[in-house]
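1. Below: sequence and its predicted model.
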Amino acid sequence: MADRQSVSIAIMGSGGAGALTAGNFLLEAASAAGWQGLLSRTVGPQIRGGEAAALLRLGTQPVECLSEKFDLVVGIDWLNAHRFGAEIQAGPQTLVISDPRGGELPPAIASAGARIFEVPFKNMAKAIPNGRANMIALGIAGRLLGLALDLLSKVIEKRLSDKGEDAIAASRAGISAGFDAAAGLDFGLRFAPPKAQSGRRWLVSGNEAAALGAVRGGIRFAAAYPITPATEILEWLAPNLAKMGGTLLQAEDELAAINMIIGASFGGTPALTATSGPGLSLMIEALGLATAAEMPIVVIDVMRSGPSTGIPTKSEQADLNIAVYGFHGDAPHLVVAPQSIGDCLFTTQWATYLAEALQTPAIVLSDQFIGQARAAIERPADVAFIGQRLKATDIAGAYKRYAAAVNGISPMAIPGTRGGQYTADGLTHTERGTPTSGEADHAAQLDKRRDKLERFNFGDHWATCEGTGDLAVITWGSLTGAAREGIEHAARDGVEASLLAPRLLSPVQPERFARALEGRKRALIVEQSHGAQFYRYLRAHYDLPDEVRVLNRPGPLPIRSSEVHRAITEWRS
Amino acid sequence: MSGLDTRLACKPADYKSDIKPIWCPGCGDYHVLMSFTRAFAELGLPPEQIVVVSGIGCSSRIPAYTNCYGFHGVHGRSLALAAGLKVTRPELTVVVASGDGDGYSIGGNHFLHACRRNIDMTYVVMDNRVYGMTKGQPSPTTEPDFDTALSPGGTGLRPFHPLVIALASGANFIARCFSGEPNATASVLVEAIRHPGFSFVEILSPCVTFRPDESEWKHLVHPAPVAATSDPGKAARRIMTDDGFNIGVLYRGDRKPYAPQVGRPSVELSELEKDFEL
């Protein structure tokens, strides 16, 4: 069992076997019983006939990352399980539930010395009218976790209510059969399960949380082009924007999507699109337009392994460079990164607020891991960040859309406002917006757009800074949870380390960063990028301690807290 | 009759900005600008209620020369930008200006989908069958034997037929105009703006610098011999078989425009999080 009083469960099977459904139901029932935790999905690219696994980690405290080894692995079948490679690791303590007719155990599990307990899923499912093996798997995992049969049954009723009574009865029978099959099995949960909690609990994915954060921040228009792993954001927004008096347009491509949101923003409506690396690449030209024309927009990039089509279903942190540096010309803009599933809500809401306040595009760098993972968490606290754009209303005399201002922010006239007519332009322009090729106007507008970002006070939300150890673990985005846990484990070994995770990646904050690193003698950079993009970004903009080590790896294998823990303690000794 | 009063007060000059166009002397686009301001005056719309959206190219310079709100965006994407604006601000009048390179080449995909989407806006393409701003390369409507530095001896490619494509893709109003007839063009623009849904107006607008041969167009254009049809089959045959200089409204459709309801929330913001509550 992991130190943090958590238990890790993998439910896996070939595509269509229902591993993800079983995992989601288990998470929901566990959450109702008071567990906190997350479910990360790992799937191949196929819609059917591939491989799928629900990777759960449940604990008595908040859980923000997976652990290295699984305590329980339930193989509904093993048909394509070898494709997971090292993603699903077992050890001698692992209990593996296996169907003797389910195919060969994958090498990573077979060689782990794990306890194997055989359950004939297929035959048991056949004995139940319309029975499915994944519900038997759910029953086994539920019982081993100490969940009541009744609780699992309630989840079935809720989630299958539109499938009819027969489907509910079949699933119930499957769970019962799984419950019976697990009777007497010693799982060895070495800590007391949580008590049911009275506070408001949420079951939410990072993508859903980001979408809600956007709407809370004021977004009322979205343009959508489907792409894995960002589509759920757009699918959540479609009905919910309509409820809020907004709307969503499905675009013909990402080029259209980004321009649609610029058009909506020009009309005064806070607007967003969500995409992944290939889509972001297509949007870059128009992101430059939004920077030059000073149009607030929000683009969520749910990063996946790249370059090119890469691994669409799996995570990586390698779009940092394109997000920060991808625009042509000198084009200061906002880049922020959520640090957990729950933080997708805050960070996207904050991004919307910042984009509107600063009249510039904001890119939110989420990733597949937090975007598509589902968390059982306490309801995130409400925050007051709501987009407020400085608008020109009573206009007397000649209106200058891009007039100089001490803070660089000039009032924007919204179409319909009398006397505010101007042409927003991607061409270098004068204060009025008139195209020009003159060097003085060019420099003045470049200064204006730089100054408005540099002079803005981003407050404490710019980064997460925790602890006092002179070894600083510097990371970003979805790895923040693993880094935090690695630091906690090192502290138990008597090695103190501190955490610094910038949420704001652009504009850079040299003074704040220097203060955060005061007294730190060593830095361990942790990131999921083959090219160590984050390390190079830090080197370019910040003073780092003399001793620096980098723990980096490409996707899709997540960097575990145990690796951060090891890197800290090994460095000390 | 306050509406009539407003209308009488509007002169074409009220819709013109004080910015001097950078077009070549004799460019057809000057006349298109004149047609725009005449049409806006005829419609009696307050200038702040009109938005002219464009991409990149000589023709796309037009927004800043009007006294309306304008957006001069990136190359080829004006229709998408206008779509986002119109669905969120349906009370505004949205006119999109483009050229044969911006609209049919780099923006070709958006053209198809704007026609299909049928949002209530007017799309004006100033077609001079050449890339003017980059100094004379062939566009999708250039004749196959037009000799250029980029296409020595001509492209050998059949020109693209924008009106047929618009019809097949679902445009709700299709017309062809000639820039040299600004009054007639203004009348067509008035009708196009009033017509619900996506209106497509192709304006033959000669490039005096790179296509001096197009000065002949004034002798070639002629009014469409028969009235506009609302039958897409008839319109297709007519547009496919005419000589390309048939001027006037060629098709009036009756498809319902795409106009989602916006503005009034039906629930409190706090309701949305119920999706996530256990």
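-> Received the coordinates, thanks.

2. going forward, measure contacts and count neighbours with C-alpha atoms only.
-> Will do.

3. got the residue ranges for the helices in the stretch 1-150 of chain B?
-> Assigned by DSSP state H, counting those that start in this stretch, the stretch 1-150 of chain B shows helices spanning B:2-9, B:28-43, B:78-88, B:100-101, B:108-117.

4. can you tell if the second one touches chain A?
-> Read it as helix B:28-43. No - applying CA under 8 Å from any CA of the partner chain, one finds helix B:28-43 separated from chain A by no less than 14.9 Å.

5. any idea of the mean pLDDT in that helix?
-> Mean pLDDT, computed over helix B:28-43, is 98.

6. Could you pull out the buried residues of that helix?
-> By neighbour count on 16 or more other CA atoms under 10 Å in any protein chain shown, the buried set for helix B:28-43 is B:28-43.

7. For that helix, name the packing helices and strands.
-> With contacts taken as 3 or more CA pairs under 8 Å, 6 or more residues apart in numbering or on different chains; DSSP states H and E, helix B:28-43 sits against helix B:2-9, helix B:182-194.

8. B:Asp100 and B:Val124 touch, don't they?
-> No - taking CA atoms under 8 Å as the definition, B:Asp100 is not a contact partner of B:Val124, at 10.3 Å.

9. neighbour-wise, which of the two wins?
-> Neighbour totals were compared for B:Asp100 and B:Val124, and B:Asp100 leads with 29 against 26 (other CA atoms under 10 Å in any protein chain shown).

10. Tell me the residues of the stretch 1-150 of chain B that contact chain A?
-> Within the stretch 1-150 of chain B, the positions adjacent to chain A are B:19, B:47-51, B:63-64, B:67-74, B:77-78, B:80-89, B:92, B:109-110, B:113 by CA under 8 Å from any CA.

11. Now a ChimeraX select for only the buried ones of the residues you listed.
-> Restricted to buried positions by 16+ other CA under 10 Å, the ChimeraX selection for those reads:
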select /B:47,48,49,50,51,63,64,67,68,69,70,71,72,73,74,77,78,80,81,82,83,84,85,86,87,88,89,92,109,110,113
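
12. any idea whether A:Gln388 is helix, strand or coil?
-> The three-state label given to A:Gln388 by DSSP: H, G, I helix; E, B strand; the rest coil is coil.

13. where does A:Phe369 land in three-state SS?
-> helix.

14. residue contacts, A:Asp451?
-> By CA atoms under 8 Å, 6 or more residues apart in numbering or on different chains, A:Asp451 lies in contact with A:407-408.

15. measure it to A:Leu320 for me?
-> Note on A:Asp451: its distance to A:Leu320, by CA to CA, to the nearest Å, is 23 Å.

16. Equivalent analysis for B:Glu42, please.
-> Taking CA to CA, one finds B:Glu42 at 52 Å from A:Leu320.

17. and if you look at A:Gly555?
-> Relative to A:Leu320, A:Gly555 is positioned 14 Å away (CA to CA).

18. These two: who's more crowded?
-> Legend: neighbour count by other CA under 10 Å for A:Gly555 and A:Leu320, higher for A:Gly555 (21 against 18).

19. With adjacent residues omitted, what lies nearest to that one?
-> A:Glu316 (4.6 Å; CA to CA, 6 or more residues apart in numbering or on different chains).

20. okay, the one you found: pLDDT?
-> We have a pLDDT of 98 for A:Glu316.

21. if I've got this straight, it is in a helix?
-> No - with three-state DSSP as the criterion, A:Glu316 is coil rather than part of a helix.

22. Distance check, it against chain B.
-> Using CA to the nearest CA, to the nearest Å, A:Glu316 is found at 26 Å from chain B.

23. my read: that residue touches A:Gln533, true?
-> No - A:Glu316 sits out of contact with A:Gln533 when judged by CA under 8 Å, with a separation of 11.4 Å.

24. and residue 251, how many residues sit next to it?
-> Just going to use chain A. 24.

25. think we crossed wires, I meant chain B
-> Using other CA under 10 Å, B:Tyr251 is surrounded by 25 other residues.

26. B:Glu91 now?
-> Neighbour tally, B:Glu91, other CA under 10 Å: 11.

27. Just the helices from the stretch 301-450 of chain A, written as ranges.
-> A:320-325, A:343-358, A:368-372, A:439-454.

28. ok, and which of these has the densest surroundings?
-> Stretch with highest mean neighbour count among the helices of the stretch 301-450 of chain A: helix A:368-372 (a mean of 29; mean count of other CA atoms under 10 Å in any protein chain shown).

29. Show me what that helix is in contact with.
-> Residues from elsewhere that reach helix A:368-372 (CA under 8 Å, 6+ apart): A:40-41, A:205-208, A:229-230, A:302-304, A:313-316, A:340-341, A:478.
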